[in-house]
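Q: This is a predicted model, with the sequence first.
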Amino acid sequence: MKILFLLLISLISIQASEELALKKIKKFGKNLQKELKGGLRLSPLKAIEICQMKAPEIEKQVSSEGIKIGRVSLKKRNPQNAPKAWMRSYIKEFHEKKISKNYIITDLNNGKKGLLKPIRTMPLCLKCHGENIDKSLYRAILNKYPKDRAIGYKVGEIRGFFWAEY
């Protein structure tokens, strides 16, 4: 009976952690989108600056003890957003349409969990990540991110992933 009780408590804790990770990812996406919309109202150049400076700040604000949040992409703009080893096969499977869930969870080696949730390209994203980026804007992007590969997207495509480790 005691083992059953401990197992039940453990399952509830895992579910609560998963829900908290998803809430934090949603908050990160919402806060970043709000900042970018505000920047775009001023100018696309301001949005680039906001993305470069504010995104890491928002990641830190939303992350907490026990849950770390971030973004990742195969076609990354920021070199710090390269996939970690545990993410690569799942990202590949998402892109090959072998996974149709809204997110996946995997066990990590250290007893923690990893969660990946796709970032779909929205119309707002196309100004800096689309197929027809203004040339002067793209020069400004390359000035900040010389190895940028995060372009050529269409609305609805998976542009990257939010991730959580908990």
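A: Done, it's in. Residues are numbered from 1 along each chain as shown.
Q: Just the C-alphas of whatever helix or strand Y90 lives in, formatted as CSV.
A: Following DSSP states H and E, one finds Y90 within helix 85-95. C-alpha atoms of helix 85-95 as CSV (Å, rounded to 0.1, in the frame of the first residue of the first chain):
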residue,chain,number,x,y,z
ALA,A,85,21.9,16.2,-27.9
TRP,A,86,18.6,15.1,-26.4
MET,A,87,16.6,17.3,-28.8
ARG,A,88,18.1,16.3,-32.1
SER,A,89,16.2,13.1,-32.9
TYR,A,90,12.9,14.5,-31.8
ILE,A,91,13.3,17.6,-33.9
LYS,A,92,14.2,15.5,-36.9
GLU,A,93,11.0,13.4,-36.2
PHE,A,94,8.9,16.5,-36.0
HIS,A,95,10.2,17.8,-39.3
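Q: Show me what that helix packs onto, helices and strands only.
A: strand 104-107, strand 113-120, strand 158-165 (3 or more Cβ pairs under 8 Å, 6 or more residues apart in numbering; DSSP states H and E). Where you see a C-beta, it was placed from the backbone N, CA and C, and this is true even at glycine.
Q: Measure how far the shortest one is from the centre of its chain, please.
A: A distance of 15 Å separates the C-alpha centroid of strand 104-107 from that of its chain, computed with Cα atoms, centre = their mean, to the nearest Å.
Q: Can you point out the buried residues in the helix holding Y90?
A: The neighbour-count check on helix 85-95 (16 or more other Cβ atoms under 10 Å) flags W86, M87, Y90, I91, F94 as buried.
Q: do stretch 140-156 as well
A: A140, I141, Y145, D148, A150, I151, Y153.
Q: shouldn't the fourth one be in contact with R77?
A: Yes: the pair D148 / R77 is scored as a contact, 4.9 Å apart, by Cβ atoms under 8 Å.
Q: closest to I48 out of the helices and strands packed on helix 85-95?
A: strand 158-165 (15.6 Å; Cβ to Cβ).
Q: Pull up the pairing partners for that closest one, direction included.
A: Strand 158-165 sits in its sheet next to strand 68-72 (antiparallel), strand 113-120 (antiparallel), going by DSSP bridges.
Q: Need the contact partners of the helix holding Y90.
A: 72, 74, 83, 99, 104, 106, 108-109, 114, 116, 118, 158, 161, 163 (Cβ atoms under 8 Å, 6 or more residues apart in numbering).
Q: Hey, what's the angle from it to strand 113-120? Just curious.
A: 40 degrees (axes from the mean of the first three to the mean of the last three Cα atoms, to 10 degrees).
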